[in-house]
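A.B. asks: Output the structure for:
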Amino acid sequence: MGLALFIIAIGSGQLIAKEANRTVMIWATQGDLAPGQLISESDIKSVPVLLPESAKNYLSAKAEIIGALVLTHISTGDLIPSSAITATSQNLDQRFVPLTLELTDLPVDLIRGEIVDIYAIPNRDSKTITSPQLVAEAISVSAVNERNNSGKVSVLVILKSELVMPTLAMLADSRFIIVRSI
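C.D. replies: Residues are numbered from 1 along each chain as shown. Predicted coordinates for the structure are as follows:
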């Protein structure tokens, strides 16, 4: 009789624990994601979380989100809200623009997903600008290519379509500086 009661108590305890711990698998970020970025496999991880009422607001780990477009900034380790990404790029009118910069013209530890501002400073023989100017603010870094011994680094930024031509025009007659937004 005592053994039967003991087995029933253990079974009941396991059942209660199972019902109380209803975790679900949700997508979370492994690094910062910035607006305009396409999600890659290395950007996300599946994490178990206890979300009794708000699970519908986040993306289940069963959802296919590789290649989806990020709409709002998502910090490292955050759960990915369903409203923060879209499967179609029609929501954003943005372009990927490569910039080749001096190593000293950007933060040393700049990485993909950061939000930055771009400033133009005049070259010695500049004709179009005479003082530093803000080119673009609060833009996303899509990629930072390997820094090498040439003293140059290539940064791929995401600009709104209307900023592409003015940015390229300034690039020909000035030097760009990337400043990290905080």
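A.B. asks: contacts, neighbours, all on C-alpha from now
C.D. replies: OK.
A.B. asks: Start and end of stretch 70-84, how far apart?
C.D. replies: Chord length of stretch 70-84, first to last residue, is 6 Å (CA to CA, to the nearest Å).
A.B. asks: starting at the chain centroid, how far to that stretch?
C.D. replies: 8 Å (CA atoms, centre = their mean, to the nearest Å).
A.B. asks: Buried residues, it. List them.
C.D. replies: For stretch 70-84, the neighbour count (16 or more other CA atoms under 10 Å) marks Val70, Leu71, His73, Ile74, Ser75, Leu79, Ile80, Pro81 as buried.
A.B. asks: try stretch 119-127
C.D. replies: Buried-residue list, stretch 119-127, by 16+ other CA under 10 Å: Tyr119, Ala120, Ile121, Pro122, Asn123.
A.B. asks: circling back to that earlier point, so which of the buried residues of stretch 70-84 are in strands?
C.D. replies: Mapping the buried residues of stretch 70-84 onto strands (DSSP state E) picks out Val70.
A.B. asks: other SSEs contacting the least confident helix or strand in the chain by mean pLDDT?
C.D. replies: Lowest mean confidence among the helices and strands of the chain (mean pLDDT, DSSP states H and E): helix 2-20, at a mean of 80. Using 3 or more CA pairs under 8 Å, 6 or more residues apart in numbering; DSSP states H and E, no helix or strand is in contact with helix 2-20.
A.B. asks: State the distance from Ala28 to Glu162.
C.D. replies: In terms of CA to CA, Ala28 sits 32 Å off from Glu162.
A.B. asks: The residue nearest to Thr23 when sequence neighbours are not counted: neighbour count?
C.D. replies: With sequence-adjacent residues excluded and distances taken as CA to CA, 6 or more residues apart in numbering, Thr23 is closest to Leu50, at 4.4 Å. Using other CA atoms under 10 Å, Leu50 has 14 neighbouring residues.
A.B. asks: Please tabulate the buried residues of stretch 70-84 in TSV and include pLDDT as additional columns.
C.D. replies: Output for these, formatted as TSV (pLDDT from 0 to 100):
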residue	pLDDT
Val70	86
Leu71	81
His73	82
Ile74	86
Ser75	85
Leu79	90
Ile80	90
Pro81	89
